[in-house]
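Novice: output the structure for:
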Amino acid sequence: MDLKSNHSSPVLTDSTPMNNSRLGIHSALLPYSPPVAAFSSSLLLTIPRRKAGLLDDVRSNCWLDAMKSSSPTHKKLTKDSGNDSALSDSEVAYRNWMLKYPSALATFEQTTNFAKGKRVALFLDYDGTLSPIVDNPDQAFMSNAMRAAVRAVAKHFPTAIISGRSRDKVYEFVGLSELYYAGSHGMDIMGPVRTISNDRTNGFGSTNKQNYTNLLIPLANKLIPFVQYQGKEVNLFQPAREFVLMIDEVFRTLVEITKDIEGAKVENNKFCVSVHYRNVHEKSWKTVGECVHDVLKNYPRLRLTHGRKVLEVRPVLSWDKGKAVEFLLKSLGLSNCDDVLPIYVGDDRTDEDAFKVLREGNRGYGILVSSLPKESNAFYSLRDPSEVMEFLSSLVMWKKSSAL
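Specialist: Next comes the predicted model:
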């Protein structure tokens, strides 16, 4: 494959609106889906190209502003020295913010009242949601208690982890085979294979290879069957598969050009590249941003997005965590159903795509995990992963008690 010639390929567009058939929803990934529809390459986006020159300095400042706004500095809460019981200004601001985004724990009864008679589907981000944000992204381990809480909730509700990390990395961190995993912001989805059953207790049924031998996944103009993963047969959906070599090339280039920036770390997430600047001094953030943008000038089929102290290079595809949620709901047979309640829990800017999908569709809600006030498309909030774990445990106890 000639990568260099591929870089200059025009970015294709398609005026046809996104719908179920164009999403390529298929039965091979999950049960209760309609017949296989061909996956469309028209997911490619159009990204306007600007002229280089005098605008470079302006764009450079915009990059830096975006990096700062997506990576706020966390200030420790302090009490007023004259009154030990007084709340700090930041805590007061947070409590006022919670009037708009109430705690999912404090309003839990309201949630369960609405969920009565509905099938709940749960979608979870990983970093900052199931695990704490840490300086070294390779050390973002979830606790055994959190793993037990996720395992318990997955027994009662279809549960998916949707992360910007590579699917393999998230699976390594979580280690639960009964979940659905969507890595690289939903561009790499894996669903477990289950035995045949008519039981829809958990909101989904089950599949096996015999039933789905002829229902293969349309992928990069090829049909691929079930694959082996961790010694088990699973189904994969990878709309950005053709970008793997390009992403790997960008990863290696970014590793080389950022090697002298102290604290910078480049992570290959298979279908996207993450450039972490959490451990980079703020005075060097602009240098990090310029390095990434300089590389992307040679890759018009890739784009840049921002996360919490991370720059992410992704394919120019109309695909994100929101699209992944829609895909999973459709494949699970839970789309356009009045008796379904999807819940998405996440902490990052990239989770807003999923929050927005649920809000605009008026079919579920998002829960923002944040200890600082910020605008969001979510309906509710949780302060940190410990509250997420409490929320998951509460869902399990509610489900058990409602079954009595």
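Novice: list the buried residues for the helix ranked longest in the chain?
Specialist: Ranked by residue count under DSSP state H, the longest helix found in the chain is helix 385-402. Neighbour-count burial for helix 385-402, counted by 16 or more other Cβ atoms under 10 Å, picks out 385, 387-389, 391-392, 394-396, 398-399. (C-beta placed from N, C-alpha, C; glycine too.)
Novice: state the number of residues packed around the nearest residue to residue 402 once chain neighbours are set aside.
Specialist: Nearest non-adjacent residue to residue 402, counting by Cβ to Cβ, 6 or more residues apart in numbering: residue 116, 7.4 Å away. When counting by other Cβ atoms under 10 Å, one arrives at 9 neighbours for residue 116.
Novice: surely residue 116 touches residue 398?
Specialist: No. The pair residue 116 / residue 398 is not scored as a contact, 9.8 Å apart, by Cβ atoms under 8 Å.
Novice: so which bits of stretch 295-305 are buried?
Specialist: By 16+ other Cβ under 10 Å, the buried positions in stretch 295-305 come out as 295-296, 299, 301-305.
Novice: ignore the last one, stretch 247-264
Specialist: Neighbour-count burial for stretch 247-264, counted by 16+ other Cβ under 10 Å, picks out 247, 249-251, 253-255, 257-258, 261, 264.
Novice: just the CA atoms of the longest helix of the chain, as PDB, please.
Specialist: Extracted as PDB, the C-alpha positions of helix 385-402 are listed here (Å, rounded to 0.1, in the frame of the first residue of the first chain):
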ATOM      1  CA  PRO A 385     -15.300   7.200  40.000                       C
ATOM      2  CA  SER A 386     -16.200   6.300  43.600                       C
ATOM      3  CA  GLU A 387     -19.700   7.800  43.000                       C
ATOM      4  CA  VAL A 388     -19.900   6.000  39.700                       C
ATOM      5  CA  MET A 389     -19.300   2.700  41.500                       C
ATOM      6  CA  GLU A 390     -22.000   3.600  44.000                       C
ATOM      7  CA  PHE A 391     -24.400   4.400  41.200                       C
ATOM      8  CA  LEU A 392     -23.700   1.000  39.500                       C
ATOM      9  CA  SER A 393     -24.200  -0.800  42.800                       C
ATOM     10  CA  SER A 394     -27.500   1.000  43.300                       C
ATOM     11  CA  LEU A 395     -28.700  -0.100  39.900                       C
ATOM     12  CA  VAL A 396     -28.000  -3.700  40.800                       C
ATOM     13  CA  MET A 397     -29.800  -3.400  44.100                       C
ATOM     14  CA  TRP A 398     -32.800  -1.700  42.400                       C
ATOM     15  CA  LYS A 399     -32.900  -4.500  39.700                       C
ATOM     16  CA  LYS A 400     -32.800  -7.200  42.300                       C
ATOM     17  CA  SER A 401     -35.500  -5.600  44.500                       C
ATOM     18  CA  SER A 402     -37.800  -5.000  41.500                       C
END
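Novice: residues making contact with that helix?
Specialist: 103-105, 108, 112, 115-116, 120, 122, 124, 128-132, 142, 145-146, 149-150, 152-153, 155-157, 345, 367, 369, 382 (Cβ atoms under 8 Å, 6 or more residues apart in numbering).
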